[in-house]
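K.L.:
Quick one: sequence plus predicted model below, questions after.
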Amino acid sequence: MAILVTGGAGYIGSHTVVELLTAGYEVIVLDNFSNSSPMSLKRVSEITGREFKIYNVSILDRNGLEKVFSENSIHAVIHFAGFKAVGESVEAPLKYYQNNISGTILLCEMMQKYEVKRLVFSSSATVYGVPKVVPISEDSPLSATNPYGRTKLMIEEILEDLFRSDNRWSISILRYFNPIGAHDSGKIGEDPSGIPNNLVPYITKVAVGKLRELKIFGADYPTKDGTGVRDYIHVVDLAMGHLKALEKNFASTGVSTYNLGTGKGYSVLEIVKTFEKMCGEKIPYTITERRPGDVAVCFSDPSKAKKELNWSAKKEIEEMCADSWRWQAKNQEGYDEEENTILAGTGNLRLIQNNGDFLY
């Protein structure tokens, strides 16, 4: 069966492509590389020993989408493609609404046209807004505190309406908590551009000397050490959740929503200390003021996914930190180092065209 993965070159997308290929699926990746590197897909091919089609296409490109669907017999779609920086969404809300919402509508229109009605959608725990009660279950109140979260919430509602209009659709909505870690090969991992927005990539940049120190936003929360508590999940566990959701989509119709998290909370300082233990490096940090909108404690109730998908997170926080460190230590410049080698003419990566050429 052929699975189209939009945004497949990204952090979560690339790890999911690895698991799909390992499980025997055929994969077609759609990505315009606006916030990712084609090097991640080269590494995916190295890890799995398999080749796959790649289309350099935006989800806003109707003609490009048409080409992808007309040239391939697609059985299901896993939809990651979208902008995801909370701060940027506040500064440029129209950009986020146009890309995330309009792009998803175009994708669904093309799926409808070609009778591809199985979809796994990459949502986020941001749709819970500021939770009043933890752990957070799927029936907790929904709200959004920024345009990024609002796009996820709106898309969820659009997908619900889509199923109401045609009950042949099978849609899984996956609400992520805090993905960290990397593939244990150290070949693929999180490679944010600029100063990272998330805790662990920030820590890894400090550990390799790319940033001077970690800034911890607030140490006066009502938690055991005063720092915020979050639910961190290994990206490979998260990827496996998509395969389980895909299996369900092939078995039944409807719209189902699942939290993907560990159900455990770790504080910022616990993460820092665990990372220091796993990498053998001291992480200097300073305490600064709280960020607006941050909450003291946020973690999931993942019991629904365990019951209905037979999925649960397997990896503990030590392994998450160790894998994050291995990735960063092996790739201090992220994918840029290999990309620069390719551009200098000493590598073997071919330019990726809109015609679905293979990676090499």
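P.N.:
Arrived safely. Being a predicted model, the structure only gives us computed values, none of them experimental.

K.L.:
Chain neighbours aside, what residue packs nearest to residue 218?
P.N.:
residue 290 (3.6 Å; Cβ to Cβ, 6 or more residues apart in numbering). C-beta coordinates here come from the backbone N, C-alpha and C atoms, glycine included.

K.L.:
I meant to write residue 281 there.
P.N.:
Nearest-residue entry for residue 281: residue 207, 4.7 Å, with adjacent residues in sequence omitted and distances by Cβ to Cβ, 6+ apart.

K.L.:
Do I have it right that the residue nearest to residue 218 meets residue 215?
P.N.:
No. Under the contact definition of Cβ atoms under 8 Å, residue 290 does not touch residue 215, with a separation of 11.6 Å.

K.L.:
And the strands in this structure?
P.N.:
Counting by DSSP state E, residue ranges of the strands within the chain are 2-6, 26-30, 53-55, 76-79, 118-124, 170-176, 178-180, 214-217, 229-230, 232-234, 254-260, 266-267, 285-288, 297-298.

K.L.:
Save those as JSON lines, and put in distance to residue 273, mean neighbour count and mean pLDDT too.
P.N.:
Converted to JSON lines, the strands of the chain look like this (distance: least, Cβ to Cβ, whole Å; neighbours: other Cβ atoms under 10 Å; pLDDT from 0 to 100):
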{"stretch": "strand 2-6", "distance to residue 273": "36", "mean neighbour count": "24", "mean pLDDT": "98"}
{"stretch": "strand 26-30", "distance to residue 273": "37", "mean neighbour count": "24", "mean pLDDT": "98"}
{"stretch": "strand 53-55", "distance to residue 273": "40", "mean neighbour count": "23", "mean pLDDT": "97"}
{"stretch": "strand 76-79", "distance to residue 273": "35", "mean neighbour count": "25", "mean pLDDT": "98"}
{"stretch": "strand 118-124", "distance to residue 273": "27", "mean neighbour count": "24", "mean pLDDT": "98"}
{"stretch": "strand 170-176", "distance to residue 273": "24", "mean neighbour count": "23", "mean pLDDT": "98"}
{"stretch": "strand 178-180", "distance to residue 273": "15", "mean neighbour count": "23", "mean pLDDT": "97"}
{"stretch": "strand 214-217", "distance to residue 273": "12", "mean neighbour count": "18", "mean pLDDT": "96"}
{"stretch": "strand 229-230", "distance to residue 273": "14", "mean neighbour count": "24", "mean pLDDT": "96"}
{"stretch": "strand 232-234", "distance to residue 273": "14", "mean neighbour count": "26", "mean pLDDT": "98"}
{"stretch": "strand 254-260", "distance to residue 273": "25", "mean neighbour count": "21", "mean pLDDT": "98"}
{"stretch": "strand 266-267", "distance to residue 273": "9", "mean neighbour count": "21", "mean pLDDT": "98"}
{"stretch": "strand 285-288", "distance to residue 273": "11", "mean neighbour count": "13", "mean pLDDT": "96"}
{"stretch": "strand 297-298", "distance to residue 273": "18", "mean neighbour count": "18", "mean pLDDT": "93"}
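
K.L.:
would you turn those into CSV with distance to residue 109?
P.N.:
Supplementary listing: the strands of the chain in CSV, determined by distance: least, Cβ to Cβ, whole Å:
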stretch, distance to residue 109
strand 2-6, 14
strand 26-30, 15
strand 53-55, 17
strand 76-79, 12
strand 118-124, 12
strand 170-176, 15
strand 178-180, 29
strand 214-217, 41
strand 229-230, 36
strand 232-234, 32
strand 254-260, 18
strand 266-267, 41
strand 285-288, 45
strand 297-298, 35
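
K.L.:
Tell me the confidence at residue 348?
P.N.:
What the model reports for residue 348 is a pLDDT of 42.

K.L.:
for residue 251, same thing?
P.N.:
Looking at residue 251, its pLDDT stands at 97.

K.L.:
Next: residue 292.
P.N.:
The model's pLDDT for residue 292 equals 79.

K.L.:
Counting neighbours, what do you get for it?
P.N.:
Burial of residue 292, expressed as a neighbour count using other Cβ atoms under 10 Å, amounts to 7.

K.L.:
quick one: the residue nearest to residue 281 and residue 325 touch, right?
P.N.:
Yes. Because the distance of 6.6 Å satisfies Cβ under 8 Å, residue 207 is recorded as touching residue 325.

K.L.:
which residues do the two both contact?
P.N.:
Listed contacts common to residue 207 and residue 325 are 275, 279; contacts here mean Cβ atoms under 8 Å, 6 or more residues apart in numbering.
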